[in-house]
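>>> Task: produce atomic coordinates for the following.
(chains A and B)
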Amino acid sequence: MPHTPPTLRVLVVDDQPLFRKALAGLVNAQLDMTVVGEADTGMEALERVRTLDPDVVVMDVNMPVASGVDGVRAIRGAGYATKIVMLTISEEDDDLFDAIRAGANGYLLKNIRPEVLFDDLRGVMRGEAPIAPAIAHKLLDALREGPPRPHASTTPGEGETALTRRETEILQLVSAGLSNKEIANQLTITEGTVKNHVHNTLEKLHLSNRTQAAAFTVAQGLSAPRPSNPDRS
Amino acid sequence: MADPVRVLVLYDHPLLGEGLSALMASVPDLHVERISMCDPDAMERAIAADPDVVVLEEGGPVGLLDVLRGSRCRAIVDVSMSTSQAWSIRREEISTDPESLIDRIVGACLGDRRLVAPLPVVG
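Residues are numbered from 1 along each chain as shown, chains lettered A, B, ... in the order given. You can find the predicted model right below:
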């Protein structure tokens, strides 16, 4: 009797429904894989892990409300050892290191070929740690030189949590009065990602609104230097 | 029986392009083809495919204008990896004669220009 490999039960977590459905369709077309569920935030991922017990979670990083890194932290914090592979367009150092530190088993980019992704998912079940070749050098650099230090670490309360470089950058732009849309345009990221960073930053700093964030930035001397005006030379 | 709608998916990210094509191919009235923008002949192949609708992934080497001007497709659906929004554009060729152009601009917002524009004063 031919040996049939066990079916890999996959949970797909991504806030973009089109991409999520496209990916789920491709996964379901694999003979040895099936999508057992979908979620669109990191926190929803934890709920699905609880109820569906997938073998592997394929999770985006930048999602509103609760990011993929938040999702990894929540799943690990709840004691689940489920394999988690990040699948993202983000090549940011902060996202990569935060995800790995939080307990992700792999970090892949969305420009991956489907067949390579599927091989990587099979590999992660064998204990491999798939990392996109384009960003693997960042991990090697970090091993040689130590991981990049978080950019700002001053918080107003106890239980301090350092801001990432990106969060600090966005905090400075919020304090300069820019809207989420303007920040998104300036940093060439989506408005949803900005919203997510703003939310995380306020939460880490125990602040409740943008005005408090601006006051905090000034008080801590974190304001971005004003760009020089070429007309006033 | 009507001919199926010929859809061409012009994609940058294979996961999105291949997945979306497979998703649409399961709809009985759609005939779906896909072309990767990484193919140096992508635009030539897209024109040769002569689709009714092009689903274009934003942000790749082939842009909306390339498709609008190069293809004869009736509609373009613009999708992106990084937003939940998509946009559809019904493609229509119009004359550059100023009168036709203004008719089209007004018509696009207000309907038939003849119904909304003041009548010309005849001297």
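
>>> quick one: average confidence on stretch B:107-116?
The predicted model assigns stretch B:107-116 a mean pLDDT of 66.

>>> now stretch A:43-50
96.

>>> Which of the residues in that stretch are classified as buried?
Applying a neighbour-count criterion of 16 or more other CB atoms under 10 Å in any protein chain shown, the buried positions in stretch A:43-50 are A:43-46, A:48-49. Any C-beta I mention is one placed from the backbone N, CA and C, and that applies to glycine too.

>>> what's the answer for stretch B:74-94, then?
B:75-76, B:78-82.

>>> Not counting its own residues, what contacts that stretch?
Residues from elsewhere that reach stretch B:74-94 (CB atoms under 8 Å, 6 or more residues apart in numbering or on different chains): A:15-19, A:89, A:110, A:190, A:192, B:13, B:16, B:20, B:52-59, B:64, B:67-68, B:71, B:73, B:100-101, B:104.

>>> Would you mind putting the buried residues of stretch A:43-50 into CSV with secondary structure alongside?
Output for these, formatted as CSV (DSSP: H, G, I helix; E, B strand; the rest coil):
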residue, secondary structure
A:43, helix
A:44, helix
A:45, helix
A:46, helix
A:48, helix
A:49, helix
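
>>> Quick one: the strands in chain A, in order.
Remark: strands assigned in chain A by DSSP state E are A:8-13, A:33-39, A:56-59, A:83-88, A:106-109.

>>> residues contacting the residue in chain A that chain B sits nearest to?
For chain A, the residue closest to chain B is residue A:22, as judged by CB to the nearest CB, at 2.6 Å. Each residue near residue A:22 by CB under 8 Å, 6+ apart is listed here: B:15-16, B:18-20, B:22-23.

>>> out of the residues you listed, which touch chain A?
Filtering the contacts of residue A:22 for neighbours of chain A using CB under 8 Å from any CB of the partner chain leaves B:15-16, B:18-20, B:22-23.

>>> near chain B, which residues of chain A?
Residues of chain A lying close to chain B by CB under 8 Å from any CB are A:15-19, A:21-26, A:29, A:89, A:110-114, A:117, A:190, A:192.

>>> give me that answer again for 6 Å
With the criterion set to CB under 6 Å from any CB of the partner chain, chain A comes near chain B through A:16, A:19, A:22-23, A:25-26, A:110-111, A:113-114, A:190.

>>> Out of these, which sit inside helices?
Of the positions in the residues of chain A next to chain B, A:19, A:22-23, A:25-26, A:114 sit in helices, assigned by DSSP state H.

>>> Give me the pLDDT value at the residue nearest in space to the middle of chain A.
In chain A, the residue lying closest to the centroid (CA atoms, centre = their mean) is residue A:61, at 2.6 Å. For residue A:61, the pLDDT comes out at 95.

>>> unless I'm mixing things up, it is touching residue A:72, no?
No - counting by CB atoms under 6 Å, residue A:61 does not reach residue A:72; the two are 9.3 Å apart.

>>> show me where pLDDT drops low in chain B?
Confidence mapping of chain B against pLDDT under 70 gives the ranges B:1, B:111-123.

>>> Which residue ranges of chain B form helices?
Secondary structure of chain B by DSSP H: the helices cover B:14-25, B:42-49, B:64-70, B:98-110, B:113-116.

>>> Where do the domain boundaries of chain B fall?
For chain B, the structural domains run B:5-90, B:95-123, going by automatic domain parsing.

>>> same thing with chain A?
Split into domains by automatic domain parsing, chain A comes to A:8-144, A:165-223.

>>> looking at these, which is closest to residue B:3?
Closest approach to residue B:3 among the domains of chain A (CB to CB): domain A:8-144, 24.9 Å.

>>> distance between the ends of that closest one?
Domain A:8-144 has an end-to-end distance of 35 Å (criterion: CA to CA, to the nearest Å).

>>> Residues of chain B that sit close to chain A?
By CB under 6 Å from any CB, the residues of chain B that approach chain A are B:13-16, B:18-20, B:22-23, B:82, B:84.

>>> between those residues, which is closest to residue B:40?
Nearest to residue B:40, judged by CB to CB, of the residues of chain B next to chain A is residue B:14 at 16.4 Å.

>>> picking that back up, any of the contacts of stretch B:74-94 buried? List them.
Among the contacts of stretch B:74-94, those classed as buried by 16+ other CB under 10 Å are A:15-16, A:18-19, A:89, A:110, A:190, A:192, B:13, B:16, B:20, B:52-57, B:67, B:71, B:73.

>>> and the strands of chain A as JSON lines, adding mean neighbour count?
Formatted as JSON lines, the strands of chain A follow (neighbours: other CB atoms under 10 Å in any protein chain shown):
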{"stretch": "strand A:8-13", "mean neighbour count": "23"}
{"stretch": "strand A:33-39", "mean neighbour count": "19"}
{"stretch": "strand A:56-59", "mean neighbour count": "26"}
{"stretch": "strand A:83-88", "mean neighbour count": "25"}
{"stretch": "strand A:106-109", "mean neighbour count": "22"}
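
>>> Just the buried positions in stretch B:100-110, please.
Quick answer for stretch B:100-110 (16+ other CB under 10 Å): B:103, B:106.
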